[in-house]
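**Student:** Everything below, folded, please.
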Amino acid sequence: MTKNIFTGLAGLYGLMLLVYLVLRFLLPVSPWWLAFLHNFTPYYFLPLLVLIPLLWLMRARRMAARLLPLLLIGLLLYAPRWLPQPAVRAAEARTLRVVTFNVLILTDEYATITDWLRTADADVVLLQEVDGQESTQIFDALSDLYPHTVDLEGTTVIALSRYPVVEQALVDLGSWYVDRFVLAIDGAPVAVYNVHMHMPLLNEPRFPFTVNNGMVQLALQYDETHRNQLIRRLLDLLAAEPLPYIVAGDFNTGDNTPIYGEMAALLHDSYREAGIGLGNTWPASIGDDEVPAMIPPMLRIDYVWHSADLRAVAAAVGPDLSSDHLPVITTLAVRE
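**Tutor:** Below you'll find the model as predicted:
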């Protein structure tokens, strides 16, 4: 490839990235294809790490200089996620260790999951995509650690707790439900919401054809409308929640989307506070052709949010447990 062709392709890439950033800024309500692209924003900056040094070595330094502001934007946006977070003293505070994990409705690895949960040392475990028969299996396997459970009819989410559950109910978001229960933690009530949000998909194909790949078909049917409506209804309820609260689970929402900003305006993201890196949890490989094992999870869609009455002390992504999600482990402290 000649220098002129390489420089021209680099310039085209830079122009496309600039156009995307302008559209992202100008269109808070995006068409479906742009909304889909928002999920992967950090990765659009990665080629700059290679292109700029190559252009400089090829003496195409004018083009390298033109691309440099885009690299600086990417570094300002995403480099801080790899910086160590300020230490939070929690020795004198009451702490709560929370695990959230979408186990995958089709899994048969419940023994692996319960074995791992025994080592995770969580005080509260929130699981999604668990049906009735499997919930009984999990409760029985962990009954010595977690004497208190939540398994409300009509959902596929369950919870296990070392602390007493003093209240539990389904919260109606309008055509969708989340579990809300209240824990008595050394006598202090804390509300917990176990969330499995609607996938950002149309119910029917957008185009008069389908493809034989679930991930590609997901992209073609991508639509955030219903999911975002449900999230906003949940935020309205949380704004009126009188107790300290934890909101955790599978939100089917990447942290580079505009709706994430709306959530972060009210809620505190434990991983952003106490984790390092992107913290991606989906899609993990489950041994099929749609997600090759060599490709790591690309999106962070599983969260432990909390109210201002709590603070994150530690946050990490757990191991591969044969689900298409990875678990999230968070330690929270009650503010004194």
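**Student:** For residue 18, see how far away residue 260 is.
**Tutor:** 23 Å (Cβ to Cβ, to the nearest Å). The C-beta positions use only the backbone N, C-alpha and C, and glycine is treated the same way.
**Student:** and if you look at residue 104?
**Tutor:** 39 Å.
**Student:** Looking at the two, which is more packed in?
**Tutor:** Of the pair residue 104 and residue 18, residue 104 is the one with more neighbours under other Cβ atoms under 10 Å, namely 19 against 15.
**Student:** Who are the packing partners of the helix or strand bottoming out on mean pLDDT in the chain?
**Tutor:** Sorting the helices and strands of the chain by mean pLDDT, DSSP states H and E puts helix 214-220 at the bottom, at a mean of 88. Using 3 or more Cβ pairs under 8 Å, 6 or more residues apart in numbering; DSSP states H and E as the contact test, no helix or strand touches helix 214-220.
**Student:** Which parts of the stretch 201-336 of the chain are helices?
**Tutor:** For the stretch 201-336 of the chain, the helices defined by DSSP state H, counting those that start in this stretch occupy 214-220, 225-239, 258-266, 270-274.
**Student:** so which of those is the most packed in?
**Tutor:** Mean neighbour count, computed with mean count of other Cβ atoms under 10 Å, is highest for helix 270-274 among these, reaching a mean of 22.
**Student:** that older thread, any chance of the helices of the stretch 201-336 of the chain in JSON lines, plus distance to residue 199?
**Tutor:** Below are those laid out as JSON lines (distance: least, Cβ to Cβ, whole Å):
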{"stretch": "helix 214-220", "distance to residue 199": "8"}
{"stretch": "helix 225-239", "distance to residue 199": "7"}
{"stretch": "helix 258-266", "distance to residue 199": "14"}
{"stretch": "helix 270-274", "distance to residue 199": "21"}
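**Student:** Quick one: closest of the ones you listed to residue 35.
**Tutor:** For residue 35, the closest of those is helix 258-266, at 8.1 Å, according to Cβ to Cβ.
**Student:** Give me the residues contacting that closest one.
**Tutor:** For helix 258-266, the surrounding residues in contact (Cβ atoms under 8 Å, 6 or more residues apart in numbering) are 28, 30, 38, 224, 227-228, 231-232, 235, 238-239, 251, 253-254, 269, 272, 305.
**Student:** what about that helix, average pLDDT?
**Tutor:** Average pLDDT, helix 258-266: 98.
**Student:** Helix 225-239 and that one, what's the angle between them?
**Tutor:** Here helix 258-266 runs at an angle of 0 degrees relative to helix 225-239 (axes from the mean of the first three to the mean of the last three Cα atoms, to 10 degrees).
**Student:** neighbouring contacts of the longest helix along the chain?
**Tutor:** Determined from DSSP state H, the single longest helix within the chain is helix 3-26. Outside helix 3-26, the residues within contact range by Cβ under 8 Å, 6+ apart are 30, 34, 37-38, 41, 44-45, 47, 51, 54-55, 58-60, 63, 66-67, 70, 73.
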